[in-house]
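# Starting from these lines, generate the structure:
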Amino acid sequence: MKRWKRATAALMAGVILASGTLMAGCGKKNDQVIIYSNADDEAMTAMKNALDNNGFKDKYILQSFGTSELGGKLLAEGTNIEADLVTMSSFYIDSAQQQNSMFKDLTFDHKTLTEYPSYYTPITAQEGAIIVNTELMKEKNLPMPKSLKDLADPQYKDMVSVTDIMSSSTAWLLIQALVSAYGEDGAKDVLTKIYENAGPHIEDSGSGPIKKVRAGEVAIGFGLRHQAAADKKSGLPIDFVDPEEGNFSLTESAAVIDKGDKTNEMAMEMADCIINKGRAELIKTYPIPIYEGETADSENMSANPKIFEEALTVDVLKRHQELSEGSKAK
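Purely as a prediction, here's the structure:
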């Protein structure tokens, strides 16, 4: 999940600048599709491989954005956005559709295991989990945490790393779990103590905590479950815990911009290709089954998957960002 920038409030107001890194091509040709994405590098590579290997090489420009940057563009620009196709956090797509009615209904076959709106379909699903450095846990004689609330225990002082929700959507997985289990007031109390234990280890990047756990700078982090599972499988002294509060998840999805007569029809074909040709590679990195016929190894299946009780929207995100800011030491 690509981190978002701190200018969320300004972006929500539409004060944004278009930017990004071109991954293919350097200018739009007559038949090229412009794709905007907030995906991680692994997902970008899988999408590019699917397109290049199925007849679309040199027919698209794939441009990378931070989550809040691209979310701000969707909300502010609507159908005037340059992109023909986006892959983006699903909650931002929902909010942009509610505000701007800017996406076409998908016309290709995509049999998801659960129901999604007609105008987008997921490319990945990512869950949160507690991540531990097993060697450092033994060295410091620390007990294995069972819950997110355990991370508030003073015995873990300076041994915890988490992500700031103002910077990364990974932190939202933590806050959803806390709010769901303890309510907003209870979540604020727990989060305040977690932040106190984290001290200088509150990271801007979603991968920041796992990097610190790998390096042995801290014993415990909160991050993306699939990253910890991959580290453990590779032989690193990394393990993970599915917290008692639940493994909450976020999806990133593909959606086609509805520009009326100016809609690039090839964008729908490319969305089809990314889903139906790209998922085989995507699921190797993001191992949560989304579509019929997909399976995952039992070791990749979380013990306590949960869904937040409210529909995830930009408004809910802003409320949880405010809760997080109120939990930090002044």
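
# quick one: the helices in the protein?
Along the chain, counting by DSSP state H, helices occupy 8-12, 41-52, 67-77, 90-100, 134-139, 170-198, 208-215, 225-233, 266-285, 314-327.

# Out of the ones you listed, which one sits most buried?
helix 67-77 (a mean of 25; mean count of other C-beta atoms under 10 Å). From N, CA and C alone the C-beta is placed, and that goes for glycine too.

# count of residues packed around Tyr291?
Close neighbours of Tyr291, defined as other C-beta atoms under 10 Å, add up to 15.

# could you redo the helices of the chain as CSV and give each row distance to Leu106?
Converted to CSV, the helices of the chain look like this (distance: least, C-beta to C-beta, whole Å):
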stretch, distance to Leu106
helix 8-12, 26
helix 41-52, 16
helix 67-77, 17
helix 90-100, 12
helix 134-139, 44
helix 170-198, 26
helix 208-215, 34
helix 225-233, 26
helix 266-285, 7
helix 314-327, 22
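
# Specify the stretch among those that is closest to Thr251.
With C-beta to C-beta as the criterion, Thr251 lies closest to helix 90-100 of the helices of the chain, at 4.6 Å.

# just checking, what packs against the closest one?
Counting by 3 or more C-beta pairs under 8 Å, 6 or more residues apart in numbering; DSSP states H and E, the packing neighbours recorded for helix 90-100 are helix 67-77, strand 247-256, helix 314-327.

# Switch these over to CSV; also include distance to Val218.
Formatted as CSV, those follow (distance: least, C-beta to C-beta, whole Å):
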stretch, distance to Val218
helix 67-77, 25
strand 247-256, 21
helix 314-327, 19
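
# Which among those is found nearest to Tyr286?
Closest among the helices and strands packed on helix 90-100, once you apply C-beta to C-beta, is strand 247-256, at 8.9 Å.

# Poorly predicted segments of the stretch 1-150 of the chain, please.
For the stretch 1-150 of the chain, the stretches with pLDDT under 70 are 1-30.

# and the longest strand for this structure?
Longest strand of the chain, by residue count under DSSP state E: strand 121-133.

# Run me through the strand neighbours of it, direction for each.
Using DSSP bridges, the strands paired with strand 121-133 are strand 220-224 (antiparallel), strand 238-241 (antiparallel), strand 247-256 (antiparallel).

# Return the most buried member of the ones you listed.
Counting by mean count of other C-beta under 10 Å, strand 220-224 has the highest mean neighbour count of the strands paired with strand 121-133, with a mean of 29.

# returning to that earlier point: mind putting the strands paired with strand 121-133 in CSV, distance to Ser327 and mean pLDDT included?
Shown next, in CSV, are the strands paired with strand 121-133 (distance: least, C-beta to C-beta, whole Å; pLDDT from 0 to 100):
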stretch, distance to Ser327, mean pLDDT
strand 220-224, 14, 96
strand 238-241, 22, 97
strand 247-256, 18, 96
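
# export those strands to JSON lines and tack on distance to Asp315?
Shown next, in JSON lines, are the strands paired with strand 121-133 (distance: least, C-beta to C-beta, whole Å):
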{"stretch": "strand 220-224", "distance to Asp315": "24"}
{"stretch": "strand 238-241", "distance to Asp315": "31"}
{"stretch": "strand 247-256", "distance to Asp315": "16"}
